[in-house]
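1. predicted model and sequence below, questions to follow.
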Amino acid sequence: MTTAQLRFARLKSGPLGRVIDTVLGLTLIWWGIGFSSWVQGLAVVIGVFALLAGVLNVCWAAPIVGIPFRGKDVPKA
């Protein structure tokens, strides 16, 4: 794991990253409810995934980015 990947993994698994994911998820769900087209469904689905990422401390993009999937698997300092 490179230094950039490690820093990103630590951000995502820390309190700030979890809050960002949770707030982003709730915002997308709220925003998606205001539409009446396919955009609504897409925003709500993405919002649910972001919300779950924050609550469960996981990163759905981990295989692509090259970091551990679960936050507790991220090496500490």
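-> The structure has been received and is ready for your questions. Numbering: from 1, shown residues only.
2. what about the strands in this structure?
-> Counting by DSSP state E, no segments of the chain form strands.
3. can you show me the helices along it?
-> Secondary structure of the chain (DSSP state H): helices at 3-13, 15-33, 38-56, 62-65.
4. which strands or helices does the second one pack on?
-> Read that as helix 15-33. helix 3-13, helix 38-56 (3 or more CB pairs under 8 Å, 6 or more residues apart in numbering; DSSP states H and E). For every residue, glycine as well, the C-beta is placed using N, CA and C.
5. closest to Val74 out of those helices?
-> Closest to Val74 of the helices and strands packed on helix 15-33, according to CB to CB: helix 3-13, at 4.5 Å.
6. return the distance of that closest one from the chain's centre.
-> Computed by CA atoms, centre = their mean, to the nearest Å, the chain-centroid distance of helix 3-13 equals 13 Å.
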